[in-house]
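Asks: Predicted model follows, preceded by the sequence.
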Amino acid sequence: MTAVVPRLRDDLTVAVAGQGGDGSLTLIGLLTRILSPRGFHLYSARNVASRIKGGHAAARLRASLADRGGLGDHVDLLVAFDDEAVVRIGPDLAGDAIVIFDSSAGPAPTAALPPGATVIEAPLSRMAVRDLRRDLFKNSLAFALLARTLSIPDAEAVSCLRSGLARLAVGVREANERALRLGFEHADSVGLDEGSGPWSLATGPAADHLLISGNEALALGLIAAGGRFFTGYPITPASEILEWMERHLPGLGGVVVQAEDELSAVNMAIGAALTGVRAMTATSGPGLALMQEGVGHAGSAEIPLVVVDCQRAGPSTGMPTRPEQSDLAMLIHGGNGEFPRVVLTPGDTADCFHLGVAATALSRRLQCPVYVALDQAIAQHASTVIPFDLDVAVEPGAVLDAVGLAALGEYRRYRVTPDGVSPWVVPGTPGGMNLVTGNERNEWGQVSIDPETRRTMMAKRARKIAAAKDLFPRGRRWGDDAAEIGVLATGFAVAPVVEACERLAATGITLAGLQPRTLWPVLDETLEFVRRRRLTFVVEHNDEGQIHDVLAAEGVPLAAMRGIRRSDGLAFTPAELASRIAAGVER
Amino acid sequence: MTVTYAPRPPIWCAGCGHFGVQAALDRALGEAGIPPEATLILAGIGCSGTIQNNLGTYGYHALHGRVLPAATGAALADPSLTVIAAGGDGDGYAIGAGHLVHTFRRNPALTYLLMNNATYGLTKGQGSPTAALVHPEHREQALDGILLGLGITASTFLARGYSGRPDQLLRLIAAALDHARAGRGFGFVEVLSPCVTYQDTYPAWDAAVADLDEETGYDPSDRAAAFATCLRVMGEGRIPTGIVYRGGPAAFVPDPGPAALDLAAATEGCRTIMDGYRV
């Protein structure tokens, strides 16, 4: 079965699937050590059920010399530890896919495979238990077959295993190495010889890369911008931010509290923010619903606050491990009354860092809540990014110290100013005592229901956003800006849209693309983008068209937009988007 | 001297118990030499939730029931502040009861004055979780915040005072402030503070309060004995007051706390974290 000339791959998607706890993430981790030094960009996704162990679990890794930032159309190489893995991933396999199948319980269910697929069978689990006394070593056996399939020299696979498992106990490392060598022997016995597998890997310019998830990049951005107080309550898929903060923030002198619920989390962050500390919290839709009251309070009382929403499929508890973009209406309109707020929407992992920085600075500058809206895929999937510039200028905000305060004849916490932002004196500052409240109040912070005061204060708060339009992060663009057809997407919809646009351009359909990074307020550039086109496809992961509706409310004619939507928990593939856009353009 | 807000006269009805609480707090702060600029009073929603407007300190008006999370956040962010949370029995025993439980457990270094008048005064007299204190025929039993606190072994300071006993109340608030400022933790003071308009309990509470200081051999560091004594006193139809419990583990107080950090010095720390993700 050994190919004479291995086929060179520069874009490869690998899936490892079995039952939760099978260790598929370990195998993916080893593979990244093979691929990254060859200059591949990586995108690592996982698909698990909401349970600790068991249930179908799959990890996917896309490796491409082009920076894709999302999964492609197909899975090229599948490591399947059971029948279910083959049956479930079978429909996603490329026509010429290779499947490494654990045949411990019998032959692969080939009916589930495309006709052109190649199956490499080995009783991985049985060999691991028989020769090494532990099922988990099947991963290293499989790694041997993977390496041979990709024509990786044995020595490189061995050294990769050693460095990848360096943190494990010596005995475990040695057993894994024995498993790897057993795997090579098995490969020899089926004619899968060293250095001459069916495929080989292309190489590109090696780059200095991080492999990091959106949640982690965002957390780093928050603290790089000065965030020093974090509260959270565990919830999928935002828990990693809480865990990350617990691991890293105390070392920088910050404080992390795991609250008793989201009501407490948001109000603890508000209390910390009152003292002038940059405070933040993170949650997902159900938790955000509970936090609405606190966010509105921060908006009314003019307290800076960063709130991260890692959106998952709703409504209610919905599908905790699946992505969606269905909280956007809640972020933009939720809460009682009307108050200034900002909603930022990152489109890839690196953007999470940058918008974490921007959210911290904007909330400080505008003294209002700023949301960062991720989705489960952006939050939890990892990808390679260029290391971030950490020399972030910390936004000081309009904070007055004792000297600045002394220069004023009088100090009013809610002083009416041209840009709506009032000078801020934090507790502990001599002579600056003030009152902060979510009730309507006069400039002194004293509760008031006087109609004139009310009009003045409503206008002051609204002005904070209107006067700051130049400060909000501008969108990312791609494609041909002169095109009469546009595509607009946020979050994990961006990567497949960009790839679809590239493919359509090659067929003569030119498109202009925009990822609004500030979804609320709606920036002029977003409206202009749509108004300049005959038609804009608004791609979003919800059923009701929440971004579509926001644009419509800003005056975009309905005939100028066409929605492309999914709310089944799955990502768009570039191929699906290309065909839906092409069909829509021709209509 | 910069002019800032002028404290207004309280909004309370003449004769309201809250006047006594405010006077005791004002005096305790003064006697302890805590300046207004180092004092942050956070208050909930209700008649009691206006006390922060009246003393010339830094003041914050929290959401209904959420004063303890906000106060915890402030105390952990800037431990140099004297943080005082205040609210009523609706705020602390009804909508915010979950936070009270976890604040006992978390034991932050702050003082909480819960003004218990067994009614919702500001919304005009509905029954509160302590309504049965004055209406024994009420079909729901009263919640006792002191017994609740005793039942959580992380609690460190539990006291009950009465607006009608100003000297004792001053002592209790001063002791709670000391407790919090010394980093011992959460100083909880429930004050029986009658609502003269909807629930005038002065006559009943004048007769019912029992000062545990007057109990022979009462030891406020003995949690089990404190619980037993409270039950016995309550069984006699009286209400235990005084320092009911003081002891337990120390508070977590960050040093120096996030508010005192030099943010510009943290780039290298962030770089070390980021380097952990290199491939």
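Replies: Looks like it came in fine. Numbering: from 1, shown residues only, chains lettered A, B, ... in the order given.

Asks: Please make it C-alpha for all contacts and neighbour counts, starting now.
Replies: OK.

Asks: What's the mean pLDDT across whichever helix or strand B:A175 is part of?
Replies: For B:A175, the host element (DSSP states H and E) is helix B:166-181. Mean pLDDT, helix B:166-181: 98.

Asks: Just the buried positions in that helix, please.
Replies: Within helix B:166-181, the residues that count as buried by 16 or more other CA atoms under 10 Å in any protein chain shown are B:168-181.

Asks: Equivalent analysis for stretch A:546-554, please.
Replies: Across stretch A:546-554, burial judged by 16+ other CA under 10 Å covers A:546-548, A:550-552.

Asks: before we move on, the earlier item: can I get the buried residues of helix B:166-181 in JSON lines including distance to chain A?
Replies: Shown next, in JSON lines, are those (distance: CA to the nearest CA, whole Å):
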{"residue": "B:Q168", "distance to chain A": "29"}
{"residue": "B:L169", "distance to chain A": "26"}
{"residue": "B:L170", "distance to chain A": "24"}
{"residue": "B:R171", "distance to chain A": "25"}
{"residue": "B:L172", "distance to chain A": "25"}
{"residue": "B:I173", "distance to chain A": "21"}
{"residue": "B:A174", "distance to chain A": "20"}
{"residue": "B:A175", "distance to chain A": "22"}
{"residue": "B:A176", "distance to chain A": "20"}
{"residue": "B:L177", "distance to chain A": "17"}
{"residue": "B:D178", "distance to chain A": "18"}
{"residue": "B:H179", "distance to chain A": "20"}
{"residue": "B:A180", "distance to chain A": "17"}
{"residue": "B:R181", "distance to chain A": "15"}
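
Asks: re the thing from before, which members of the buried residues of stretch A:546-554 occur in helices, if any?
Replies: A:546-548, A:550-552 (DSSP state H).

Asks: With chain B in mind, check whether stretch A:33-49 reaches it.
Replies: Yes: counting by CA under 8 Å from any CA of the partner chain, chain B has neighbours in stretch A:33-49: A:33, A:36.

Asks: Look at A:G409 and say how many residues are nearby.
Replies: Applying other CA atoms under 10 Å in any protein chain shown, we find 10 residues neighbouring A:G409.

Asks: Sorry, wrong one. I was asking about A:S24.
Replies: Per other CA under 10 Å, the neighbour tally for A:S24 reads 24.

Asks: how many other residues sit next to the closest residue to it other than its chain neighbours?
Replies: Leaving aside its chain neighbours, A:S24 sits nearest to A:V16 (5.5 Å; criterion: CA to CA, 6 or more residues apart in numbering or on different chains). By other CA under 10 Å, the residues close to A:V16 number 28.

Asks: Contacts for the helix or strand where A:V16 lies, please.
Replies: In this assignment (DSSP H and E), A:V16 forms part of strand A:11-19. Contact partners of strand A:11-19, identified using CA atoms under 8 Å, 6 or more residues apart in numbering or on different chains, comprise A:24-25, A:27-28, A:53-66, A:71-72, A:74-82, A:84-85.

Asks: All the strands of the stretch 451-587 of chain A, in order from the start?
Replies: A:476-479, A:485-489, A:512-515, A:518-520, A:535-540, A:561-565 (DSSP state E, counting those that start in this stretch).

Asks: Specify the angle between the second one and helix A:546-553 in degrees.
Replies: Inter-element angle recorded for strand A:485-489 and helix A:546-553: 120 degrees (by axes from the mean of the first three to the mean of the last three CA atoms, to 10 degrees).

Asks: Kindly report the same for the longest one.
Replies: Relative orientation of strand A:535-540 and helix A:546-553, computed by the same axes, to 10 degrees: 140 degrees.

Asks: Give me the contacts around strand A:535-540.
Replies: Residues contacting strand A:535-540 (CA under 8 Å, 6+ apart): A:325, A:484-490, A:493, A:530, A:546-548, A:559-566, A:581.

Asks: Over to the shortest one?
Replies: Residues external to strand A:518-520 that are found in contact with it (CA under 8 Å, 6+ apart): A:332, A:341-345, A:472-475.
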